[in-house]
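Trainee: What follows is a predicted structure for the sequence shown.
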There are 2 protein chains.
Amino acid sequence: MRLKELSERSGVPTATIKYYLRERLLPPGRRVTATQAEYDESHLRRLRLVRAMIQVGRVPVATVREVLGHVDDESLGLTARLGAATWALPQPPGADEGDEESAAARAELDRLLTELGWETAREIGDLSPVYRGLVASLAGLDRLGFPLTVTELAPYARQMEAIATHDMDLLDTHPAEAEQVEAAVVAAVLYDPLLLGLRRLAQEVESARRYGLE
Amino acid sequence: MRLKELSERSGVPTATIKYYLRERLLPPGRRVTATQAEYDESHLRRLRLVRAMIQVGRVPVATVREVLGHVDDESLGLTARLGAATWALPQPPGADEGDEESAAARAELDRLLTELGWETAREIGDLSPVYRGLVASLAGLDRLGFPLTVTELAPYARQMEAIATHDMDLLDTHPAEAEQVEAAVVAAVLYDPLLLGLRRLAQEVESARRYGLE
(Lines give C-alpha, C1' and ligand atoms only; values in the text may rest on other atoms or scores of the structure.)
Protein backbone atom coordinates (compact mmCIF):
# COMPACT_ATOMS: atom_id res chain seq x y z
CA MET A 1 0.00 0.00 0.00
CA ARG A 2 1.07 3.64 -0.45
CA LEU A 3 1.64 6.17 2.33
CA LYS A 4 -1.86 7.56 1.91
CA GLU A 5 -3.51 4.18 2.47
CA LEU A 6 -1.21 3.44 5.43
CA SER A 7 -2.39 6.71 6.95
CA GLU A 8 -6.06 5.94 6.33
CA ARG A 9 -5.89 2.42 7.72
CA SER A 10 -3.94 3.43 10.83
CA GLY A 11 -5.64 6.76 11.47
CA VAL A 12 -2.16 8.33 11.76
CA PRO A 13 -1.64 11.53 9.69
CA THR A 14 0.91 11.23 6.85
CA ALA A 15 3.07 13.98 8.39
CA THR A 16 3.33 11.93 11.59
CA ILE A 17 4.21 8.78 9.62
CA LYS A 18 6.97 10.69 7.83
CA TYR A 19 8.28 11.86 11.18
CA TYR A 20 8.33 8.26 12.49
CA LEU A 21 10.18 7.19 9.32
CA ARG A 22 12.80 9.92 9.81
CA GLU A 23 13.20 8.93 13.46
CA ARG A 24 13.63 5.28 12.38
CA LEU A 25 10.66 4.14 14.48
CA LEU A 26 9.23 2.65 11.29
CA PRO A 27 11.34 0.75 8.73
CA PRO A 28 11.43 2.37 5.27
CA GLY A 29 8.98 1.10 2.64
CA ARG A 30 10.07 -0.68 -0.51
CA ARG A 31 11.00 1.99 -3.10
CA VAL A 32 8.88 1.71 -6.24
CA THR A 33 9.72 5.03 -7.89
CA ALA A 34 12.08 7.85 -6.94
CA THR A 35 9.36 9.50 -4.85
CA GLN A 36 7.09 6.61 -3.88
CA ALA A 37 7.40 3.66 -1.54
CA GLU A 38 5.25 0.63 -0.88
CA TYR A 39 4.26 -0.42 2.63
CA ASP A 40 2.86 -3.72 3.90
CA GLU A 41 0.97 -5.18 6.87
CA SER A 42 4.12 -5.26 9.00
CA HIS A 43 4.39 -1.46 8.63
CA LEU A 44 0.79 -1.06 9.70
CA ARG A 45 1.37 -3.27 12.75
CA ARG A 46 4.53 -1.43 13.71
CA LEU A 47 2.87 1.93 13.23
CA ARG A 48 0.05 0.98 15.61
CA LEU A 49 2.57 -0.19 18.17
CA VAL A 50 4.59 3.04 17.96
CA ARG A 51 1.45 5.09 18.25
CA ALA A 52 0.22 3.16 21.30
CA MET A 53 3.56 3.66 23.04
CA ILE A 54 3.76 7.37 22.26
CA GLN A 55 0.11 8.36 22.63
CA VAL A 56 -1.07 6.20 25.51
CA GLY A 57 2.15 5.11 27.19
CA ARG A 58 3.76 8.56 26.73
CA VAL A 59 7.00 6.76 25.99
CA PRO A 60 9.77 9.13 24.79
CA VAL A 61 10.89 8.66 21.17
CA ALA A 62 14.40 7.52 22.14
CA THR A 63 12.90 4.87 24.43
CA VAL A 64 10.51 3.71 21.70
CA ARG A 65 13.54 3.20 19.46
CA GLU A 66 15.26 1.18 22.18
CA VAL A 67 12.18 -0.99 22.82
CA LEU A 68 11.82 -1.67 19.08
CA GLY A 69 15.50 -2.64 18.91
CA HIS A 70 14.75 -5.41 21.42
CA VAL A 71 11.53 -6.40 19.64
CA ASP A 72 13.56 -6.97 16.47
CA ASP A 73 16.57 -8.63 18.09
CA GLU A 74 16.43 -12.19 16.77
CA SER A 75 19.67 -13.12 18.50
CA LEU A 76 17.85 -13.34 21.85
CA GLY A 77 15.75 -16.23 23.20
CA LEU A 78 12.07 -15.37 23.57
CA THR A 79 12.16 -14.87 27.37
CA ALA A 80 15.14 -12.53 27.13
CA ARG A 81 13.58 -10.69 24.21
CA LEU A 82 10.29 -10.19 26.08
CA GLY A 83 12.21 -9.08 29.17
CA ALA A 84 14.47 -6.67 27.28
CA ALA A 85 11.59 -5.06 25.41
CA THR A 86 9.32 -4.56 28.41
CA TRP A 87 12.14 -3.63 30.82
CA ALA A 88 13.15 -0.83 28.45
CA LEU A 89 9.68 0.74 28.88
CA PRO A 90 9.49 3.56 31.43
CA GLN A 91 9.01 2.01 34.88
CA PRO A 92 7.07 3.51 37.77
CA PRO A 93 9.54 5.43 39.94
CA GLY A 94 10.91 3.45 42.85
CA ALA A 95 14.35 3.12 44.29
CA ASP A 96 15.82 1.08 47.10
CA GLU A 97 16.52 3.83 49.59
CA GLY A 98 18.95 1.66 51.52
CA ASP A 99 16.99 2.14 54.75
CA GLU A 100 15.51 -0.33 57.22
CA GLU A 101 12.18 -0.49 55.40
CA SER A 102 13.82 -1.31 52.06
CA ALA A 103 15.80 -4.16 53.61
CA ALA A 104 12.63 -5.49 55.28
CA ALA A 105 10.65 -5.15 52.04
CA ARG A 106 13.31 -7.04 50.12
CA ALA A 107 13.32 -9.88 52.66
CA GLU A 108 9.51 -9.98 52.56
CA LEU A 109 9.43 -10.08 48.77
CA ASP A 110 12.02 -12.86 48.65
CA ARG A 111 9.98 -14.89 51.16
CA LEU A 112 6.92 -14.37 48.99
CA LEU A 113 8.74 -15.48 45.82
CA THR A 114 9.98 -18.61 47.57
CA GLU A 115 6.51 -19.44 48.88
CA LEU A 116 5.04 -19.00 45.39
CA GLY A 117 7.73 -21.06 43.72
CA TRP A 118 8.74 -18.07 41.59
CA GLU A 119 12.39 -19.04 41.81
CA THR A 120 13.17 -17.45 38.45
CA ALA A 121 12.08 -14.06 39.73
CA ARG A 122 14.26 -14.48 42.81
CA GLU A 123 17.24 -15.42 40.67
CA ILE A 124 16.74 -12.46 38.34
CA GLY A 125 16.19 -10.29 41.41
CA ASP A 126 17.64 -6.80 41.23
CA LEU A 127 18.43 -7.15 37.52
CA SER A 128 14.72 -6.66 36.90
CA PRO A 129 13.35 -3.13 37.26
CA VAL A 130 10.04 -4.79 38.14
CA TYR A 131 11.58 -6.47 41.19
CA ARG A 132 13.22 -3.19 42.25
CA GLY A 133 9.90 -1.38 41.81
CA LEU A 134 8.14 -3.91 44.04
CA VAL A 135 10.76 -3.51 46.77
CA ALA A 136 10.21 0.26 46.60
CA SER A 137 6.40 -0.08 46.71
CA LEU A 138 6.47 -2.42 49.70
CA ALA A 139 8.96 -0.23 51.56
CA GLY A 140 6.81 2.82 50.80
CA LEU A 141 3.71 1.15 52.25
CA ASP A 142 5.67 0.22 55.36
CA ARG A 143 7.00 3.76 55.78
CA LEU A 144 3.47 5.16 55.48
CA GLY A 145 2.27 2.83 58.22
CA PHE A 146 0.46 0.30 55.99
CA PRO A 147 2.82 -2.70 55.86
CA LEU A 148 1.71 -5.77 53.90
CA THR A 149 2.65 -9.28 55.04
CA VAL A 150 3.45 -12.30 52.87
CA THR A 151 0.11 -13.78 53.96
CA GLU A 152 -1.75 -10.73 52.66
CA LEU A 153 0.30 -10.51 49.48
CA ALA A 154 0.27 -14.18 48.45
CA PRO A 155 -3.38 -14.30 47.27
CA TYR A 156 -2.79 -11.20 45.11
CA ALA A 157 0.32 -12.76 43.63
CA ARG A 158 -1.52 -16.05 42.89
CA GLN A 159 -4.25 -14.18 41.04
CA MET A 160 -1.61 -12.28 39.08
CA GLU A 161 -0.04 -15.61 38.19
CA ALA A 162 -3.34 -16.69 36.65
CA ILE A 163 -3.50 -13.37 34.81
CA ALA A 164 0.04 -13.78 33.51
CA THR A 165 -0.90 -17.24 32.23
CA HIS A 166 -3.76 -15.67 30.31
CA ASP A 167 -1.39 -12.92 29.08
CA MET A 168 0.98 -15.54 27.72
CA ASP A 169 -1.87 -17.56 26.19
CA LEU A 170 -2.87 -14.44 24.24
CA LEU A 171 0.77 -13.95 23.16
CA ASP A 172 0.95 -17.54 21.99
CA THR A 173 -1.84 -16.91 19.49
CA HIS A 174 0.58 -14.78 17.45
CA PRO A 175 2.43 -16.78 14.80
CA ALA A 176 5.86 -15.11 14.84
CA GLU A 177 8.19 -14.25 17.74
CA ALA A 178 8.48 -10.60 16.71
CA GLU A 179 4.70 -10.30 16.83
CA GLN A 180 4.62 -11.96 20.24
CA VAL A 181 7.10 -9.41 21.58
CA GLU A 182 5.07 -6.60 20.01
CA ALA A 183 1.93 -7.95 21.67
CA ALA A 184 3.75 -8.07 25.02
CA VAL A 185 4.68 -4.40 24.68
CA VAL A 186 1.08 -3.51 23.81
CA ALA A 187 -0.15 -5.48 26.83
CA ALA A 188 2.34 -3.75 29.12
CA VAL A 189 1.45 -0.28 27.86
CA LEU A 190 -2.30 -0.55 27.29
CA TYR A 191 -3.79 -3.20 29.59
CA ASP A 192 -2.80 -1.78 32.99
CA PRO A 193 -5.57 0.83 33.26
CA LEU A 194 -8.05 -1.75 32.03
CA LEU A 195 -7.11 -4.30 34.69
CA LEU A 196 -7.22 -1.68 37.44
CA GLY A 197 -10.62 -0.51 36.20
CA LEU A 198 -11.96 -4.08 36.22
CA ARG A 199 -10.69 -4.48 39.79
CA ARG A 200 -12.48 -1.33 40.93
CA LEU A 201 -15.68 -2.43 39.21
CA ALA A 202 -15.41 -5.88 40.79
CA GLN A 203 -15.02 -4.21 44.19
CA GLU A 204 -18.26 -2.31 43.65
CA VAL A 205 -20.03 -5.53 42.73
CA GLU A 206 -18.59 -7.43 45.71
CA SER A 207 -19.42 -4.56 48.07
CA ALA A 208 -23.04 -4.53 46.89
CA ARG A 209 -23.16 -8.32 47.39
CA ARG A 210 -21.85 -8.13 50.95
CA TYR A 211 -23.36 -4.94 52.28
CA GLY A 212 -26.31 -4.35 49.96
CA LEU A 213 -26.74 -1.59 47.42
CA GLU A 214 -27.63 1.59 49.21
CA MET B 1 -0.27 11.80 72.88
CA ARG B 2 1.11 15.28 72.22
CA LEU B 3 1.91 16.75 68.81
CA LYS B 4 5.56 15.79 69.15
CA GLU B 5 4.78 12.12 69.71
CA LEU B 6 2.23 12.13 66.88
CA SER B 7 4.99 13.45 64.64
CA GLU B 8 7.50 10.83 65.78
CA ARG B 9 5.11 7.90 65.43
CA SER B 10 3.88 8.97 61.98
CA GLY B 11 7.17 10.28 60.60
CA VAL B 12 5.31 13.45 59.56
CA PRO B 13 7.03 16.74 60.58
CA THR B 14 5.10 18.84 63.14
CA ALA B 15 4.88 21.77 60.70
CA THR B 16 3.12 19.48 58.18
CA ILE B 17 0.73 18.20 60.86
CA LYS B 18 -0.13 21.81 61.77
CA TYR B 19 -0.81 22.52 58.10
CA TYR B 20 -3.13 19.49 57.86
CA LEU B 21 -4.94 20.69 61.01
CA ARG B 22 -5.41 24.19 59.53
CA GLU B 23 -6.68 22.65 56.28
CA ARG B 24 -9.12 20.48 58.29
CA LEU B 25 -7.63 17.25 56.89
CA LEU B 26 -7.09 16.17 60.49
CA PRO B 27 -9.67 16.72 63.26
CA PRO B 28 -8.44 18.96 66.11
CA GLY B 29 -7.00 17.28 69.21
CA ARG B 30 -8.64 17.47 72.61
CA ARG B 31 -7.53 20.77 74.25
CA VAL B 32 -5.72 20.16 77.55
CA THR B 33 -4.26 23.64 78.11
CA ALA B 34 -4.52 26.90 76.17
CA THR B 35 -1.57 25.89 73.98
CA GLN B 36 -1.58 22.09 74.08
CA ALA B 37 -3.82 19.41 72.64
CA GLU B 38 -3.99 15.68 73.07
CA TYR B 39 -4.18 13.30 70.08
CA ASP B 40 -5.16 9.62 69.95
CA GLU B 41 -4.81 6.57 67.71
CA SER B 42 -7.59 7.83 65.40
CA HIS B 43 -5.48 10.94 64.66
CA LEU B 44 -2.47 8.78 63.87
CA ARG B 45 -4.54 6.61 61.52
CA ARG B 46 -6.07 9.63 59.80
CA LEU B 47 -2.66 11.28 59.47
CA ARG B 48 -1.23 8.21 57.73
CA LEU B 49 -4.18 8.13 55.36
CA VAL B 50 -3.81 11.82 54.47
CA ARG B 51 -0.10 11.38 53.92
CA ALA B 52 -0.59 8.35 51.67
CA MET B 53 -3.11 10.24 49.53
CA ILE B 54 -0.97 13.35 49.22
CA GLN B 55 2.48 11.79 48.95
CA VAL B 56 1.85 8.67 46.92
CA GLY B 57 -1.51 9.30 45.29
CA ARG B 58 -0.68 12.98 44.62
CA VAL B 59 -4.27 13.78 45.51
CA PRO B 60 -4.93 17.57 45.74
CA VAL B 61 -5.75 18.91 49.22
CA ALA B 62 -9.32 19.88 48.27
CA THR B 63 -9.92 16.35 46.97
CA VAL B 64 -8.47 14.80 50.13
CA ARG B 65 -10.97 16.88 52.13
CA GLU B 66 -13.82 15.63 49.93
CA VAL B 67 -12.73 11.98 50.23
CA LEU B 68 -12.49 12.31 54.02
CA GLY B 69 -15.97 13.84 54.11
CA HIS B 70 -17.30 10.62 52.55
CA VAL B 71 -15.16 8.43 54.83
CA ASP B 72 -16.80 10.11 57.84
CA ASP B 73 -20.35 10.23 56.47
CA GLU B 74 -22.24 7.83 58.73
CA SER B 75 -25.55 8.60 57.02
CA LEU B 76 -24.57 6.39 54.06
CA GLY B 77 -24.76 2.62 53.80
CA LEU B 78 -21.36 0.94 53.55
CA THR B 79 -21.49 0.30 49.78
CA ALA B 80 -22.43 3.91 49.07
CA ARG B 81 -19.81 5.17 51.49
CA LEU B 82 -17.08 3.04 49.88
CA GLY B 83 -18.22 4.16 46.45
CA ALA B 84 -18.38 7.85 47.34
CA ALA B 85 -14.94 7.86 48.96
CA THR B 86 -13.15 6.02 46.16
CA TRP B 87 -15.05 7.74 43.33
CA ALA B 88 -13.94 11.10 44.71
CA LEU B 89 -10.30 10.08 44.20
CA PRO B 90 -8.71 11.35 40.99
CA GLN B 91 -9.59 8.94 38.18
CA PRO B 92 -7.43 8.07 35.18
CA PRO B 93 -8.46 10.36 32.32
CA GLY B 94 -11.02 8.86 29.98
CA ALA B 95 -14.09 10.27 28.36
CA ASP B 96 -16.75 8.84 26.11
CA GLU B 97 -15.91 10.63 22.90
CA GLY B 98 -19.32 9.88 21.43
CA ASP B 99 -17.78 8.18 18.39
CA GLU B 100 -18.33 4.75 16.87
CA GLU B 101 -15.59 3.15 18.97
CA SER B 102 -17.07 4.47 22.22
CA ALA B 103 -20.50 3.07 21.36
CA ALA B 104 -18.96 -0.30 20.45
CA ALA B 105 -16.86 -0.31 23.65
CA ARG B 106 -19.93 0.42 25.75
CA ALA B 107 -21.88 -2.43 24.12
CA GLU B 108 -18.90 -4.76 24.62
CA LEU B 109 -18.53 -3.80 28.29
CA ASP B 110 -22.25 -4.31 28.92
CA ARG B 111 -22.07 -7.76 27.29
CA LEU B 112 -19.11 -8.59 29.52
CA LEU B 113 -20.92 -7.43 32.68
CA THR B 114 -23.96 -9.53 31.78
CA GLU B 115 -21.81 -12.60 31.10
CA LEU B 116 -20.04 -12.15 34.44
CA GLY B 117 -23.26 -11.62 36.35
CA TRP B 118 -22.05 -8.18 37.45
CA GLU B 119 -25.57 -6.77 37.16
CA THR B 120 -24.91 -4.16 39.85
CA ALA B 121 -22.13 -2.64 37.77
CA ARG B 122 -24.43 -2.54 34.74
CA GLU B 123 -27.14 -0.84 36.75
CA ILE B 124 -24.75 1.74 38.21
CA GLY B 125 -23.32 2.17 34.71
CA ASP B 126 -22.34 5.70 33.76
CA LEU B 127 -22.83 6.97 37.30
CA SER B 128 -19.53 5.27 38.13
CA PRO B 129 -16.36 7.00 36.91
CA VAL B 130 -14.81 3.53 36.86
CA TYR B 131 -17.34 2.33 34.27
CA ARG B 132 -16.78 5.47 32.18
CA GLY B 133 -13.01 4.96 32.42
CA LEU B 134 -13.35 1.37 31.17
CA VAL B 135 -15.45 2.48 28.20
CA ALA B 136 -12.73 5.02 27.35
CA SER B 137 -9.93 2.44 27.71
CA LEU B 138 -11.67 -0.11 25.51
CA ALA B 139 -12.52 2.49 22.87
CA GLY B 140 -8.90 3.70 22.94
CA LEU B 141 -7.59 0.18 22.33
CA ASP B 142 -10.00 -0.22 19.44
CA ARG B 143 -8.96 3.12 17.92
CA LEU B 144 -5.29 2.13 18.16
CA GLY B 145 -6.01 -1.12 16.30
CA PHE B 146 -5.86 -3.47 19.31
CA PRO B 147 -9.53 -4.25 20.04
CA LEU B 148 -10.31 -6.67 22.90
CA THR B 149 -13.27 -9.04 22.72
CA VAL B 150 -15.49 -10.21 25.57
CA THR B 151 -13.82 -13.63 25.27
CA GLU B 152 -10.40 -12.10 25.82
CA LEU B 153 -11.60 -9.80 28.61
CA ALA B 154 -13.66 -12.27 30.63
CA PRO B 155 -10.73 -14.23 32.14
CA TYR B 156 -9.14 -10.94 33.26
CA ALA B 157 -12.41 -9.82 34.82
CA ARG B 158 -12.84 -13.16 36.63
CA GLN B 159 -9.36 -12.88 38.14
CA MET B 160 -10.13 -9.34 39.21
CA GLU B 161 -13.28 -10.63 40.87
CA ALA B 162 -11.15 -12.98 42.96
CA ILE B 163 -8.85 -10.07 43.78
CA ALA B 164 -11.79 -7.88 44.80
CA THR B 165 -12.99 -10.68 47.08
CA HIS B 166 -9.58 -10.68 48.73
CA ASP B 167 -9.71 -6.85 48.92
CA MET B 168 -13.05 -7.01 50.71
CA ASP B 169 -11.82 -9.80 53.02
CA LEU B 170 -8.98 -7.52 54.10
CA LEU B 171 -11.46 -4.65 54.64
CA ASP B 172 -13.65 -6.91 56.76
CA THR B 173 -10.82 -7.41 59.23
CA HIS B 174 -11.28 -3.78 60.35
CA PRO B 175 -13.68 -3.43 63.26
CA ALA B 176 -15.42 -0.14 62.41
CA GLU B 177 -17.03 1.09 59.19
CA ALA B 178 -14.98 4.30 59.13
CA GLU B 179 -11.81 2.21 59.29
CA GLN B 180 -13.07 -0.02 56.51
CA VAL B 181 -13.63 2.97 54.26
CA GLU B 182 -10.19 4.32 55.19
CA ALA B 183 -8.65 0.96 54.26
CA ALA B 184 -10.49 1.01 50.93
CA VAL B 185 -9.01 4.40 50.13
CA VAL B 186 -5.53 3.15 51.05
CA ALA B 187 -6.01 0.10 48.86
CA ALA B 188 -7.19 2.25 45.93
CA VAL B 189 -4.27 4.67 46.24
CA LEU B 190 -1.42 2.38 47.22
CA TYR B 191 -2.04 -1.15 45.92
CA ASP B 192 -2.30 -0.47 42.18
CA PRO B 193 1.44 -0.24 41.46
CA LEU B 194 1.97 -3.31 43.59
CA LEU B 195 -0.56 -5.40 41.68
CA LEU B 196 0.84 -4.30 38.34
CA GLY B 197 4.36 -5.11 39.52
CA LEU B 198 3.28 -8.59 40.61
CA ARG B 199 1.68 -9.14 37.21
CA ARG B 200 4.89 -8.18 35.41
CA LEU B 201 6.95 -10.44 37.68
CA ALA B 202 4.51 -13.30 37.12
CA GLN B 203 4.87 -12.78 33.36
CA GLU B 204 8.64 -13.15 33.65
CA VAL B 205 8.20 -16.37 35.60
CA GLU B 206 5.63 -17.75 33.16
CA SER B 207 7.77 -16.79 30.17
CA ALA B 208 10.78 -18.61 31.64
CA ARG B 209 8.55 -21.66 32.25
CA ARG B 210 7.29 -21.73 28.69
CA TYR B 211 10.28 -20.63 26.65
CA GLY B 212 13.20 -21.31 28.99
CA LEU B 213 15.43 -18.78 30.66
CA GLU B 214 17.83 -17.42 28.12
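Mentor: Okay, I see it. Numbering: from 1, shown residues only, chains lettered A, B, ... in the order given.
Trainee: Identify the residue nearest residue A:84 in space, chain neighbours excluded?
Mentor: residue A:70 (3.9 Å; Cβ to Cβ, 6 or more residues apart in numbering or on different chains). Where C-beta positions appear, they are placed from N, C-alpha and C, glycine not excepted.
Trainee: Just give me how far the strand or helix carrying that neighbour sits from the chain centre.
Mentor: Per DSSP states H and E, residue A:70 falls inside helix A:61-71. Centroid separation for helix A:61-71 versus its chain: 13 Å, with Cα atoms, centre = their mean, to the nearest Å.
Trainee: On the three-state scheme, residue A:58 is what?
Mentor: Under the three-state scheme (DSSP: H, G, I helix; E, B strand; the rest coil), residue A:58 adopts coil.
Trainee: how far away is it from residue A:19?
Mentor: The gap separating residue A:58 from residue A:19 is 17 Å, by Cβ to Cβ, to the nearest Å.
Trainee: who's more crowded, the two?
Mentor: residue A:19 (14 against 10; other Cβ atoms under 10 Å in any protein chain shown).
Trainee: Is that one in a helix, a strand, or coil?
Mentor: Applying three-state DSSP: residue A:19 is helix.
Trainee: What is the neighbour count of residue A:15?
Mentor: Count around residue A:15 with other Cβ under 10 Å applied: 8.
Trainee: Okay, and it sits in which element?
Mentor: Secondary structure (DSSP H and E) places residue A:15 in helix A:14-22.
Trainee: quick check, distance from that helix to the centre of its chain.
Mentor: 24 Å.
Trainee: got it, and stretch A:184-191?
Mentor: 4 Å.
Trainee: ok, now stretch A:128-143?
Mentor: 17 Å.
Trainee: Where does pLDDT dip in chain A?
Mentor: A:92-96, A:214 (pLDDT under 70).
Trainee: now the helices for it?
Mentor: A:3-10, A:14-22, A:41-51, A:61-71, A:78-87, A:100-116, A:119-124, A:129-143, A:150-172, A:177-211 (DSSP state H).
Trainee: Residue B:78: which of the ones you listed is closest?
Mentor: Proximity to residue B:78 (Cβ to Cβ) singles out helix A:177-211 among these, at 4.1 Å.
Trainee: ok, that closest one near chain B or not?
Mentor: Yes. Residues of helix A:177-211 contacting chain B under Cβ under 8 Å from any Cβ of the partner chain: A:184, A:186, A:188, A:190-211.
Trainee: just the angle between that helix and helix B:150-172, please?
Mentor: 50 degrees (axes from the mean of the first three to the mean of the last three Cα atoms, to 10 degrees).
Trainee: Now do the buried residues in helix A:177-211.
Mentor: For helix A:177-211, a neighbour-count test (16 or more other Cβ atoms under 10 Å in any protein chain shown) marks A:177-208, A:211 as buried.
Trainee: Neighbours of residue A:105, how many?
Mentor: 25.
Trainee: residues contacting it?
Mentor: A:135-139, A:142 (Cβ atoms under 8 Å, 6 or more residues apart in numbering or on different chains).
Trainee: how does it look with 7 Å?
Mentor: A:135, A:138-139, A:142 (Cβ atoms under 7 Å, 6 or more residues apart in numbering or on different chains).
Trainee: hmm, back to that, tell me the contacts of the residue nearest to residue A:84?
Mentor: A:81, A:84-85, A:88.
Trainee: for the residues you listed, which one is nearest chain B?
Mentor: Using Cβ to the nearest Cβ, residue A:81 is the member of the contacts of residue A:70 that lies nearest chain B, at 8.8 Å.
Trainee: Would you check how far apart the closest residue to the closest one other than its chain neighbours and residue A:91 are?
Mentor: With sequence-adjacent residues excluded and distances taken as Cβ to Cβ, 6+ apart, residue A:81 is closest to residue A:181, at 5.3 Å. Using Cβ to Cβ, residue A:181 is found at 18 Å from residue A:91.
Trainee: repeat for residue A:106
Mentor: Counting by Cβ to Cβ, the gap from residue A:106 to residue A:91 is 17 Å.
Trainee: And residue A:76, by the same measure?
Mentor: 20 Å.
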